[in-house]
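J.: Starting from these lines, generate the structure:
(chains A, B and C)
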Amino acid sequence: MKNSKIKKYIMNLTPLLGLAVLFAAFLILGTVQDINISYGLKSILSQSVVVAVVATGAIFIYTLGSFDISLGASTAVSALIGGIVYNKTESLLVMTLVCIGVAVLVGLFNSVLASVFNLPVFVTTIAMLSVLNALVLVLIKVNGTGSQIAVPAAAVRSLNNTTFKMVVLLIFVLLCIFVFSFTKIGRMQKFLGGNPVCAKLSGISEKKMAIIAFVMSGIGVGLGAFLSIVYAPTLTRNTASSVGMDVIIAIVFGGMPVSGGARSKIYAAVIGAFSMTLLSQIMVMFNLNSGIGQMVKAAIFILVVFLATSGQRGKMLPR
Amino acid sequence: MKTKNKNIFKQIAGTAAIPAAAFLIVLILCSARGVKLFETEGNWILFFRAAASVMLTTFALSLNLNSGRFDFSIGSVSLLSSVISASICTSLGLPTIPMLIISIAAGAVLGMVSGLIYVIVKLPPIIVSLGVALFYEGLAFAITNGYGVSFVANTELTSFPSVLNYVLIILFGLLIFIFLFDHTKFGYEYKALVSGQKVAINTGIKEVPNAILCYTIAGALMGVVGFIRATQTGTIQMSLNFGSIGVMFTAFLPMFIGGFIGRFCNEKIGYLLGAITTAFISLMYARLNVDASIQQIVTALILVCFLIYLNNENKVIELVTLKQYRNKKTK
Amino acid sequence: MKKFWALLLTAAMMVCVLAGCGGKDSESDNAQGGSAGTENQGGGSGAGDSGEDATPELDMSKTVKIGILVSDATSAEALAFRTYYTEYIQKQYNVELIYSDELADAAGEAAAIDTFITNNCKAVISFSSFDRAAQIEQCEGVGVYYAVATGTLTEDEYETYKGYEHYVGAIGPSLSVEFETGYNMAKHYLDQGVKNFAIFGGAIPYYTEMHIYRAAGMLTAMIDAGGDGANYQGATDMGGVLGQIFADGEVKTGAIGDVNVLGYVGGYDMDDAWFGKCAQMAQTADLEVILAVGNGSDFFGTAIAGTNVKIASVDAYASSYGEAMEAGMLDYLAGKFSASIGPIFIATYRAALGSPIRTADGNAFALSQGYWVASSAEEFNTYYAVDSSVDAPAYTKEMLDTLLTADYAAFESFVSKYSFEEIQGM
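T.: Next up is the predicted model:
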């Protein structure tokens, strides 16, 4: 009994251990190859923060056992509208609020559409992905030069530093941890994700929980959009295009079960995002060609997730 | 007798309603702009090619998705299988049929590998499929040094596109798929596993071989899709960083349409009719030269509206009948 | 047992992959070995060359890391460039070239440059243009040299950054060269009496400037050849045509005097509808020539098989285009030659070694370079033989070595002689 508890505890820590191993590998290989480790660490933080923030918010959706494939496109649309608004108002505060507002609205639209019309959430997000991608092209064509919408670099330069980004990430993660672990919302969401029938019978409103999850995710997407502008103020049709898939990988990499439920944890997103960037940085040191590099990444991804979830396997094939 | 006839009529009407409605709407839109929907042979080829590739993709997606297995890797299987078959055929100077066979075999092997990874590592299929998609895209890139495969000048291989060939692919694909899933032990077990995983396993059905075979069949189907796409232009362009998953999104609308039509006839025929519906829409986009961003929005709206109807059918029917009842009453 | 199989499987995947890496690594090792070897040879040959006095000033004993930013990893052009750098330049000079992933946006560029800085790259050569200004600022901020390959800065950007210490310069087709490329392509057929064209607009819907300028060149050539009153949507000159395309985001079909634009397709949607649009454009009645602002034969080749329609493209020298030319599917190719990125490498390498090339005013350079144009299979094969060679490419080490000590005037003169004949005559 005691042994199984210890084993379970260790299994829970596996993603963190994975991050530690990747970190150690980065330090060792970096020292051997004489790279600029301190700059590298700052760069890793900068590169991970957008995915970390978006993925942290998305944990709420994943906890319910759903997933949202349109998060990257939503980040892009929020950033573009935020950029347009900045160019009209020259206010960073308004831009930030608009980024968050648009993302929350998109999330609400997704969840309301799903709950009012009884649609499966992932289907609404697939449709939303198409709509948002089209909206990106339209926004750039109507409000930009056709190829881009640019916020003046000088306007956001002062914010483009590691401290600011870490503070934003930290505040958001703390907010999410509070909602997830210190209010009944988190418990209800885990219950719904783990056993929807029982949860519904206990009086938990699935619709309400879905809306809350999408609002939290929307805040993360909005902050991610804002941080995207801070990092790279020139927005093009492919802005944040990789965020959608990166978020899924980060969440899984961090040890979050895709089926949601009781094992869900907020910090998985942050661990996953940093692990992913560390892995990419290590890969650069090997200077592999694009195809082989991607194959190695894929193999490591499966291996890490396999090890991180080895305590969670049942007799039946997972679905 | 009357009821039987009524049922047959209902079945035929239910089966044909969506593609017929799509055809009519598309025809009206084209006529309004003074454009003929089918003007040249190229239009017919486009229509049947779209129907064939979308139908096969829908089969491949649905056979795992119905079992709760979301598979992001089907696009990469299609890419890699066509790279393998085209590389072999262009280097050995082989004609079309061997290329098709090699594509199917390569797709089946790649699908089987994907299934084996899934059953061995026992991770959720969505995770496995992400890793597999990345791996296969990378492998396709590595095999061709990033250049992809080009055989534009190979008139033998690029002569495949024709209405007859695509119709044959549709017919054979449909018949084999129906046979496998409706007339074999594998098919019965598959259905049992779809409707109740735990119960099916408890009755002695072996889930692992069934799942591997599902992935293998999906892979073979995507091998044909890869072959269709490759012989269309004579080039295979590389994709990295999940660039290959776009293929998967073409199959959602026909899959849901097929699910609806499946109430009135065989579900697989429903998928074919779903694919035909989307082929009509694609042809209309091409004939009316519709902008890509508008295409995306329209397709998404059709998907959402259709699903809203599907998931709220009873309410819609209630609403309509209630209205009729009230109308009668006021009269 | 299951766990054992799982581990075995993932281990097998890793071994399979790393076996590939092993091959690559050993190649890299050879490359490094080769660098050292050839460097000595270079030094030896340098002793007998005109660069005798200045070469020793450059300390080429240490391996210099240079980051290469790429937004395209799969086109024929991008792959030809990469082959020249990794299979030739890296083996001839004591450099390690670190390639970025395929970048999709400005954030990707910033992240890749951060990664290069982490890996102690002394310089960055950029093939990616989502936000050139941000790239230059980022490199300047940390003292890393930055150069633009196969592209140029806008006039405003050049004025802003030409004095930056770490901005090396740019070599590539200027927008006026892009315009001329399109103009000459259309003129080639107009001179033959062709009247009926279709245009493939590539990235015009995404407002990619080089594609817009090439299309504007084509349309302007048609206006010039279209007889009295010929105009494109009311525009009669380069400025007007450019303005019209920028306003529409596409090329409009219709008559330009007695020349006709019968069809137009833009974008790279690659879905059924898009391929349908391509096929129906290629099969338009009376069509004679498809003018593509980018790769044309890959998208239209099969559709025109068996007809008399010709395709003209702008891209690079790849074997597939040779086959398309032999088969009559491609008739005209304005292609970048892979070695065209040799001079920008030398300028960047020199900067990293402490000997940057500056203009007479002490500014970064901005040099234009054009295309090799092949209008027959024979011409293509002649160019391709040189372009694809990794032993004796268009710009060999011996030729590039002369730039290691060249002043700006000599460098500019070298770059300006980019035609095949001029390079062969060097």
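
J.: on contacts alone, who are the packing partners of the helix or strand containing residue B:53?
T.: Per DSSP states H and E, residue B:53 falls inside helix B:41-65. In terms of contacts (3 or more Cβ pairs under 8 Å, 6 or more residues apart in numbering or on different chains; DSSP states H and E), helix B:41-65 is packed against helix B:74-92, helix B:163-182, helix B:207-233, helix B:246-249, helix B:252-261, helix B:267-287, helix C:272-282. Just so you know, the C-beta spots here come from the backbone N, C-alpha and C atoms, and that holds for glycine as well.

J.: quick one, phi/psi of residue A:250?
T.: Dihedral pair for residue A:250: phi -60, psi -40, per degrees, to the nearest 10.

J.: isn't it right up against residue A:277?
T.: No. With contact defined as Cβ atoms under 8 Å, residue A:250 does not count as touching residue A:277 (9.2 Å).

J.: what residues are shared contacts of the two?
T.: Taking Cβ atoms under 8 Å, 6 or more residues apart in numbering or on different chains as the criterion, residue A:250 and residue A:277 both touch residue A:51.

J.: Which of these two has more residues huddled nearby?
T.: residue A:250 (28 against 25; other Cβ atoms under 10 Å in any protein chain shown).

J.: any idea how far that one lies from chain B?
T.: Plainly put, residue A:250 is 11 Å away from chain B if you go by Cβ to the nearest Cβ, to the nearest Å.

J.: ditto for residue C:335
T.: Residue C:335 is 15 Å from chain B, by Cβ to the nearest Cβ.

J.: Tell me the secondary structure of residue C:96, please.
T.: Three-state assignment for residue C:96 (DSSP: H, G, I helix; E, B strand; the rest coil): strand.

J.: got the phi/psi numbers for the closest residue to it other than its chain neighbours?
T.: Distances taken as Cβ to Cβ, 6 or more residues apart in numbering or on different chains place residue C:65 nearest to residue C:96, at 4.8 Å, with adjacent residues excluded. Here is the backbone geometry of residue C:65 (degrees, to the nearest 10): phi -90, psi 130.

J.: How many residues are close by residue C:65?
T.: Neighbour number of residue C:65 under other Cβ under 10 Å is 19.

J.: Could you report the separation of it from residue A:27?
T.: According to Cβ to Cβ, to the nearest Å, residue C:65 stands 19 Å off from residue A:27.

J.: Quick check on whatever residue of the stretch 1-150 of chain A ends up closest to chain C: phi, psi?
T.: Of all residues in the stretch 1-150 of chain A, residue A:146 sits closest to chain C, at 3.2 Å by Cβ to the nearest Cβ. Per-residue torsions, residue A:146: phi 110, psi -40 (degrees, to the nearest 10).

J.: Can you give me every residue that contacts the residue most central in space within chain C?
T.: Relative to the mean C-alpha position of chain C, the nearest C-alpha, by Cα atoms, centre = their mean, is the one of residue C:150, at 4.8 Å. By Cβ under 8 Å, 6+ apart, the residues touching residue C:150 are C:81, C:127, C:171, C:172, C:173, C:336, C:340, C:341, C:369.

J.: Could you tell me what pLDDT the model assigned to it?
T.: pLDDT, residue C:150: 90.

J.: what's the answer for residue C:81, then?
T.: On the pLDDT scale, residue C:81 gets 93.

J.: go on, residue A:284?
T.: Residue A:284 is assigned 86 on the pLDDT scale.

J.: near chain C, anything from the helix or strand hosting it?
T.: For residue A:284, the host element (DSSP H and E) is helix A:267-286. Yes. Applying Cβ under 8 Å from any Cβ of the partner chain, one finds helix A:267-286 in contact with chain C at A:280, A:281, A:284, A:285, A:286.

J.: Next secondary structure after that helix?
T.: Taking DSSP H and E, what comes next after helix A:267-286 is helix A:290-308.

J.: Wondering if that next one reaches chain B at all.
T.: Yes. Helix A:290-308 reaches chain B (Cβ under 8 Å from any Cβ) through A:290-299, A:301-302, A:305-306.

J.: now these in CSV, with neighbour count?
T.: Shown next, in CSV, are the residues of helix A:290-308 next to chain B (neighbours: other Cβ atoms under 10 Å in any protein chain shown):
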residue, neighbour count
A:290, 23
A:291, 24
A:292, 22
A:293, 24
A:294, 28
A:295, 26
A:296, 24
A:297, 23
A:298, 22
A:299, 24
A:301, 23
A:302, 25
A:305, 27
A:306, 23
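
J.: dump the residue contacts of the most centrally placed residue in chain A.
T.: Note on chain A: the residue nearest the mean C-alpha position is residue A:55, at 1.7 Å, using Cα atoms, centre = their mean. By Cβ under 8 Å, 6+ apart, the contact set of residue A:55 is A:220, A:246, A:247, A:250, A:251, A:254, A:269, A:270, A:272, A:273.

J.: Quick one, which of those are buried?
T.: A:220, A:246, A:247, A:250, A:251, A:254, A:269, A:270, A:272, A:273 (16 or more other Cβ atoms under 10 Å in any protein chain shown).

J.: how about the host helix or strand of the fifth one as PDB, C-alpha atoms only?
T.: Secondary structure assigned from DSSP H and E places residue A:251 in helix A:243-253. As requested, the backbone C-alpha atoms of helix A:243-253 are provided in PDB (Å, rounded to 0.1, in the frame of the first residue of the first chain):
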ATOM      1  CA  VAL A 243       0.500  27.800 -31.000                       C
ATOM      2  CA  GLY A 244      -2.500  25.600 -31.400                       C
ATOM      3  CA  MET A 245      -0.600  22.400 -31.800                       C
ATOM      4  CA  ASP A 246       2.200  23.500 -29.400                       C
ATOM      5  CA  VAL A 247      -0.400  23.900 -26.700                       C
ATOM      6  CA  ILE A 248      -1.700  20.300 -27.200                       C
ATOM      7  CA  ILE A 249       1.900  19.000 -27.100                       C
ATOM      8  CA  ALA A 250       2.800  21.100 -24.100                       C
ATOM      9  CA  ILE A 251      -0.200  20.000 -22.100                       C
ATOM     10  CA  VAL A 252       0.500  16.300 -22.800                       C
ATOM     11  CA  PHE A 253       4.300  16.800 -22.300                       C
END
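
J.: Let me see the contact set for the nearest residue to residue A:131 once chain neighbours are set aside.
T.: Nearest residue to residue A:131, sequence neighbours excluded (Cβ to Cβ, 6+ apart): residue B:300, at 4.7 Å. Neighbour list for residue B:300: A:127, A:128, A:129, A:130, A:131, A:134 [criterion: Cβ under 8 Å, 6+ apart].

J.: Tell me which residues touch the nearest residue to residue C:84 once chain neighbours are set aside, please.
T.: Take residue C:84 and drop its neighbours on the chain: the residue closest to it by Cβ to Cβ, 6+ apart is residue C:338, 4.2 Å away. Neighbouring residues of residue C:338 by Cβ under 8 Å, 6+ apart: C:80, C:81, C:83, C:84, C:316, C:317, C:387, C:388, C:393, C:394.

J.: Likewise for residue A:53?
T.: A:168, A:169, A:172, A:220, A:223, A:224, A:227.

J.: Same check on residue C:296?
T.: C:200, C:290, C:311, C:312, C:313, C:330.

J.: The closest residue to it other than its chain neighbours - how many residues pack around it?
T.: Of all residues not flanking residue C:296 in the chain, residue C:313 sits nearest, at 4.0 Å (Cβ to Cβ, 6+ apart). Neighbour count for residue C:313, taken as other Cβ under 10 Å: 28.

J.: Tell me which residues are up against the helix or strand residue C:168 falls within.
T.: Under the criterion of DSSP H and E, residue C:168 resides in strand C:167-172. Residues from elsewhere that reach strand C:167-172 (Cβ under 8 Å, 6+ apart): C:123, C:136, C:139-140, C:145-153, C:158, C:161, C:340-341, C:343-344, C:347-348, C:351, C:356-357, C:364-369, C:415.
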